[in-house]
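Enquirer: sequence and predicted structure below; questions after.
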Amino acid sequence: MVVSILEQSLILGIMVLGIYITYRVLDFPDLSTDGTFPLGAAVVGIMLIKGYSPWTAMFFAGIAGAMAGSVTGFLHTHLKITNLLSGILVMIGLYSINLRIMGKSNIHLFNVQHLFNMEKIFNIKNAFIMENINLVILTLILLFFTLLLGLLFKTKFGFILRALGDNENLVSSLGVNEKVLKISGLALGNSLVAISGGLFAQYQGFSDVSMGTGIVVVGLASIILGELVCGKFKGISPLIAILIGGILYRSVIAISLNLGLKASDLKLLTTVIIVLIIATKVSVEKIKVGR
């Protein structure tokens, strides 16, 4: 159980990083992530079936996610459609695109080579060793993207991107094209979400057109939970905090399932968790103000 929680948390951690960029850095409630997550799964799934390597498949999944995020940004910046509606339109459109890519609503990956059936490559039979290999692979992948984002935020582009979410007028006054910058941020965020979807499809052994439903809520729950729990510790990076939040969120879900909660109730549980987190955060802030 613990290994499964860690594995799923590491996979979805990449998605959380992507939503962190759109939600926290850009201050953009991007609902198109519900479509880019299964988009990544669809691209990876069909490419694996056609014989491409998992790394190549995930690379193109990231490209596809970036393109979808760019469309969301274009609708918002150039056509002046609100951020929420832009994301909804892209999410709806991606449903048909994902169906077109896969050819049907669901494709299985049990008989193809991917990152999580390494025994086909190394002829490893021991289940314990296989679990450790998966954890190592996922840890390295998540570490790579976390370090990459950490370095990016220390560059000039990263500083301006963060400033865009705080004060768009300030960025415009500096002579920076805020429209291109916002599109770039949305492309980056959705690229990570799509890569996470591609990894998740390999982990569970199939791609499904509806597997991204509510994924933005999962990401927001992880971000808010991580910020609440780790906010009191000054030395923890925001990126690390949200990853810890993701692990805590998956742990709560797993414990709830073991206690007898039905899988159909998970969306309701997620809603309750987010409401409780926000209520707790508001209460803590009121106490601080009272002091």
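Expert: Received it, and whenever you're ready, just let me know what you need. Residues are numbered from 1 along each chain as shown.

Enquirer: what about stretch 256-271, how long is it end to end?
Expert: Start-to-end span of stretch 256-271 (C-alpha to C-alpha, to the nearest Å) is 14 Å.

Enquirer: give the rounded mean pLDDT of it.
Expert: What stretch 256-271 shows for mean pLDDT is 81.

Enquirer: next one: stretch 116-123
Expert: Stretch 116-123 comes out at a mean pLDDT of 63.

Enquirer: residue numbering should commence at 365 henceforth.
Expert: In the new count, where the first residue is 365, that last one comes out as stretch 480-487.

Enquirer: what's the strand or helix carrying Y567 packed up against?
Expert: Using DSSP states H and E, Y567 falls within helix 542-568. Helix 542-568 sits against helix 366-384, helix 397-413, helix 418-441, helix 491-516, helix 520-530, helix 532-537, with contacts defined as 3 or more C-beta pairs under 8 Å, 6 or more residues apart in numbering; DSSP states H and E. Every residue, glycine included, has its C-beta placed from N, CA and C.

Enquirer: quick one: distance of the second one to the chain centre.
Expert: Yep, that's helix 397-413 we're talking about. Put simply, helix 397-413 sits 13 Å off its chain's centre (C-alpha atoms, centre = their mean, to the nearest Å).

Enquirer: buried sites along that helix?
Expert: Neighbour-count burial for helix 397-413 flags 397-413 (criterion: 16 or more other C-beta atoms under 10 Å).

Enquirer: still on that earlier bit, quick one: mean pLDDT over the helix holding Y567.
Expert: 95.

Enquirer: and if you look at stretch 368-387?
Expert: Across stretch 368-387, pLDDT averages out at 92.

Enquirer: rewinding a little: could you identify the helix or strand that succeeds the helix holding Y567?
Expert: Next element after helix 542-568 (DSSP H and E): strand 570-572.

Enquirer: other residues contacting that following strand?
Expert: Here strand 570-572 makes contact (C-beta atoms under 8 Å, 6 or more residues apart in numbering) with 402, 405-406, 408-410, 466, 469-474, 565.

Enquirer: would you put the C-alpha positions of the helix or strand just after it in PDB?
Expert: For strand 570-572, the following helix or strand on the C-terminal side (DSSP H and E) is helix 579-594. C-alpha atoms of helix 579-594 as PDB (Å, rounded to 0.1, in the frame of the first residue of the first chain):
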ATOM      1  CA  ILE A 579      -7.600  16.200 -12.200                       C
ATOM      2  CA  VAL A 580      -7.400  20.000 -11.700                       C
ATOM      3  CA  VAL A 581      -9.200  19.600  -8.400                       C
ATOM      4  CA  VAL A 582      -6.700  16.900  -7.300                       C
ATOM      5  CA  GLY A 583      -3.900  19.300  -8.200                       C
ATOM      6  CA  LEU A 584      -5.400  22.200  -6.300                       C
ATOM      7  CA  ALA A 585      -6.000  20.000  -3.300                       C
ATOM      8  CA  SER A 586      -2.300  19.000  -3.300                       C
ATOM      9  CA  ILE A 587      -1.100  22.600  -3.600                       C
ATOM     10  CA  ILE A 588      -3.400  24.000  -0.900                       C
ATOM     11  CA  LEU A 589      -2.700  21.100   1.500                       C
ATOM     12  CA  GLY A 590       1.100  21.300   0.900                       C
ATOM     13  CA  GLU A 591       1.100  25.100   1.500                       C
ATOM     14  CA  LEU A 592      -1.000  24.700   4.700                       C
ATOM     15  CA  VAL A 593       1.200  21.900   6.200                       C
ATOM     16  CA  CYS A 594       4.600  23.300   5.100                       C
END
